[in-house]
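> here is my input; please provide its structure:
(one chain, ligands or ions: 1)
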Amino acid sequence: MRAFLIRTGQVALTFALFSLCNALATQFEIENSVSILFPATAIAILACMMFGWWAAIGVVLGTIVTPWSPEISFTTLLTSGLISAIEGMVPWAVFRFRRDISSDLRDMRSLIAFLIFGCVVNTAFSAIAGNVLILKHPAGTYLVWREVYVWWIADFTAALLLAMPALAFGHALFSRIGSDASREQAGQPRTITNAVQILAVILLLGFAMSFAIRVSLLNGLEAERLEQQRAWAKATVIVNRIHDNFLGIETIDENDPRRSAMLAAARRVNDAEFASLEPALTHTSPELMQEVPEVRSLTQKWFAGPQANASQVSARILKLRSDMEAADGKSWADFGRKRARIMTVVGLVDGFVFMILVLASLTLIVNISRPFHQVREAINAMRDGQSVDPAKIESGYLEFRTIAGALAETQAELLRREGALRLQTERALAASRHKSDFLAKMSHELRTPLNSIIGFSDLLAEQEETIDHVKRVNFLENVSTSARHLLHLINDLLDVSKIESGKMKMHFEDVDLRRSISNTVRSTSPLFVRKRQQVVISVPEEPMLVRADPSRVEQILLNLLSNANKYSGEGKPVSVISEKLDGRWRIEVRDRGIGISDEDQARIFEDFEQVYTRGPNSTGTGLGLALVKRFAEMQGGEVEVKSKLGEGSTFAITLPAV
Ligand code: ADP
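The predicted model follows:
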């Protein structure tokens, strides 16, 4: 129901506009003999483009209700209406069925193809239909082929020019009320260059058409004027000869014996000249058409009658000649008026083209300046560090869409770089903090054993006389332990600093991890023996080949084993288990010692991180696991820990198998 109402509204709107234009054009054509049907045709084209074939009904109805003469038959009106409707539907049909040439009217090439195709099809159709079916021109004269072609081409081009800005620039309008095709078209981006090209096409075609109309009309007028001039000259010569004929008779002597023969000859001349005068007066006035037969019968009467008052007849002929001259002058004035009318019509066409151009240019300017402003705003906002949404740049033009896309990318890139920079700064700050912490801890670590060494040495020096042997040995052992601890610490520190500065040299070779395990277990066995801890080793039959630095691998295992020894109670077993997993060798060092809480597990691989504070005799440096992690990673491996407080820990290292 709603769709029906909309359709009816569209037909009614087309009907109203078309019939109004048609009535005005017909009136103008009858009065001025100049056809300006194109606004009506433009309405037919636009309506069909926007509403589809329904609009054709409005066009046919609009033609029927505006007859150009009262005698015109209904059939002729209906045919004429159908021609106008088809003329309106040609662009619609071209657009619908020949998308290949009119896929986007905003593209200049398809626009020109569309124009040419539309003009040729439309003009051929209209010319044939106009000649065969209607035959009679509104002004009353019959059409000839050439005129039909000229007028229909001009009419259709002008109509398209009127419709074109709406097609090319009014896509917003089309996308709201237009057909599916125009809505689809409105979604595609066009370039500013295309829009400017279309403007240029409109301008060129418009003025070319106006020029063609001007030349065609003025040429017609000039030809008519020349023909009339010739006709007047011929008529004047005839009238002069008639007058000379009479003057000759007046000079004949009354007693001349040849008089009657001469009169008869003059009479024949008179009749012949009058016979040729009437057809010569092709562009005459109604007064002259009446006057010529009068003078003719006067002369004939004179030749038939007593032949008196020849001078009176001669005067009447002279008057006819002067009347003809007056009529000639009047026809010149008519030409002037016609010329002025033609100039008015072409002036209107020029003004119309110019108006289209101005409107289209204004639309273009508005459509360009608005997104330009938005782009400037977006850039300013981005410069001020605000987040902008480039999708808000409203423009159908491809150029602005590209700019909006580039802005979006720039913004994303800026955000990404900002994030990376922030991360880098945070890292640098953390590193600097870490360095300070490291220095503080290191001084502390160094001071503790040194204090112990100095303390015991001083004691030895001070109590040299009184100190007994056992005490002295004890003091010296303390000094030695602290010194070894210091050496250990300094060695570890040297390793850390070498790694940090990138100067740690690794000597890669094919290493059988079974050998590394047995070496390490052997070298640490005194520790385990001292705490009565059993070490269980499980290794495969095949060689556990990896590409690594054997001394660093052993250093890793040594740290893990000595930790297992250190942090497990007396008699608690330690096992070293190896297996191959996903192309990597994995060695686990398990103990049943004190274990590490989840929270502490996260930090024990950091430099100087220790879970428990140590006494002066502690052998730990807090650097062991940090070195394990670094060495493992330098050899393409990794280290992980699984532990439960009070139950024991498992440290695992994996290295890629060869
Ligand atoms: P340290 O020289 O103090 O052993 P590490 O870097 O080797 O330093 O270890 C850091 C800390 O991790 C140790 O102080 C200890 O608290 C904890 N830890 C390391 N291995 C074990 C383990 N097998 N069982 C329990 N705790 C451990």
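> run a quick neighbour tally on residue 526.
9 (other Cβ atoms under 10 Å). To be clear about C-beta, it is placed using only N, CA and C from the backbone, and glycine gets the same treatment.
> I misspoke; the intended subject was residue 381.
Counted with other Cβ under 10 Å, residue 381 comes out at 14.
> enumerate every residue touching it.
Neighbour list for residue 381: 387, 388 [criterion: Cβ atoms under 8 Å, 6 or more residues apart in numbering].
> ok, now with 6 Å
Listed by Cβ atoms under 6 Å, 6 or more residues apart in numbering, the contact set of residue 381 reads residue 388.
> any idea how far the ligand is from it?
52 Å (Cβ to the nearest ligand atom, to the nearest Å).
> just residue 410 next, same as before
47 Å.
> and that residue, that's in a helix?
Yes - according to DSSP: H, G, I helix; E, B strand; the rest coil, residue 410 belongs to a helix.
> run a quick neighbour tally on the closest residue in space to it that isn't next to it in sequence.
Computed as Cβ to Cβ, 6 or more residues apart in numbering, the closest residue to residue 410 that is not its neighbour in sequence is residue 382, at 7.3 Å. Neighbours of residue 382 under the rule other Cβ under 10 Å: 16.
> what about residue 382, which SS state?
Three-state call for residue 382 (three-state DSSP): helix.
> which secondary structure element contains residue 428?
helix 398-462 (DSSP states H and E).
> next structured bit after that helix?
helix 469-500.
> by contact count, what packs against that following helix?
Applying 3 or more Cβ pairs under 6 Å, 6 or more residues apart in numbering; DSSP states H and E, we find helix 469-500 packed against helix 398-462.
> the inter-axis angle of the helix it packs on versus helix 469-500?
160 degrees (axes from the mean of the first three to the mean of the last three Cα atoms, to 10 degrees).
> and helix 398-462, average pLDDT?
The pLDDT scores in helix 398-462 average 89.
> make 534 the starting number, not 1.
Shifting the count to begin at 534 puts that one at helix 931-995.
> distance from the chain centre to it, please.
The chain centre lies 47 Å from the centre of helix 931-995; the measure is Cα atoms, centre = their mean, to the nearest Å.
> elements contacting it?
Helix 931-995 packs on helix 843-916, helix 1002-1033, going by 3+ Cβ pairs under 6 Å, 6+ apart.
> let's have the ones you listed in CSV, adding distance to residue 588.
Listed next are the helices and strands packed on helix 931-995 as CSV, based on distance: least, Cβ to Cβ, whole Å:
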stretch, distance to residue 588
helix 843-916, 21
helix 1002-1033, 83
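> quick check: bridge partners of residue 1124?
With beta bridges defined as DSSP bridges, residue 1124 has these partners: residue 1107.
> mind telling me which residue of the stretch 934-1083 of the chain is nearest the ligand?
residue 1025 (8.1 Å; Cβ to the nearest ligand atom).
> between the helix holding residue 961 and helix 843-916, how many degrees?
10 degrees.
> rewinding a little: how about the residue of the stretch 934-1083 of the chain closest to the ligand, nearest residue that isn't a chain neighbour?
residue 1156 (4.1 Å).
> right, and that neighbour touches residue 1024 too?
No - taking contacts as Cβ atoms under 6 Å, residue 1156 lies outside contact range of residue 1024: 9.3 Å.
> what sits against the closest residue to residue 940 other than its chain neighbours?
Of all residues not flanking residue 940 in the chain, residue 923 sits nearest, at 4.1 Å (Cβ to Cβ, 6+ apart). Residue 923 sits next to 911, 937, 940, 941 when contact means Cβ under 6 Å, 6+ apart.
> quick one, what contacts the last one?
In other words, residue 941. residue 923.
> can I get stretch 957-972 in PDB, CA atoms only?
The C-alpha coordinates for stretch 957-972 follow below in PDB (Å, rounded to 0.1, in the frame of the first residue of the first chain):
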ATOM      1  CA  GLN A 957      61.800   1.800  26.000                       C
ATOM      2  CA  THR A 958      61.800   4.600  28.500                       C
ATOM      3  CA  GLU A 959      60.400   2.300  31.100                       C
ATOM      4  CA  ARG A 960      63.000  -0.300  30.300                       C
ATOM      5  CA  ALA A 961      65.800   2.300  30.500                       C
ATOM      6  CA  LEU A 962      64.500   3.500  33.800                       C
ATOM      7  CA  ALA A 963      64.300   0.000  35.100                       C
ATOM      8  CA  ALA A 964      67.800  -0.800  33.900                       C
ATOM      9  CA  SER A 965      69.100   2.200  35.600                       C
ATOM     10  CA  ARG A 966      67.300   1.300  38.800                       C
ATOM     11  CA  HIS A 967      68.600  -2.200  38.400                       C
ATOM     12  CA  LYS A 968      72.100  -1.000  38.000                       C
ATOM     13  CA  SER A 969      71.900   1.100  41.200                       C
ATOM     14  CA  ASP A 970      70.400  -1.800  43.100                       C
ATOM     15  CA  PHE A 971      73.100  -4.000  41.600                       C
ATOM     16  CA  LEU A 972      75.900  -1.700  42.800                       C
END
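> near the ligand, anything from that stretch?
No - Stretch 957-972 does not reach the ligand (Cβ under 6 Å from any ligand atom); its nearest approach is 13.6 Å.
> got the contact list for that stretch?
Against stretch 957-972 from outside (Cβ under 6 Å, 6+ apart): residue 1140.
> over to stretch 800-808?
771, 774, 775, 778, 829, 832, 836.
> for residue 575, see how far away residue 731 is.
Distance of residue 731 to residue 575, given as Cβ to Cβ, to the nearest Å: 16 Å.
> if you could redo that for residue 1156, that was the one I meant.
Counting by Cβ to Cβ - residue 1156 and residue 575 are separated by 90 Å.
> same deal with residue 783?
Separation of residue 783 from residue 575 (Cβ to Cβ): 69 Å.
> and stretch 1008-1017, how far out from the chain's middle?
Taking mean C-alpha positions (Cα atoms, centre = their mean), stretch 1008-1017 and its chain are 82 Å apart.
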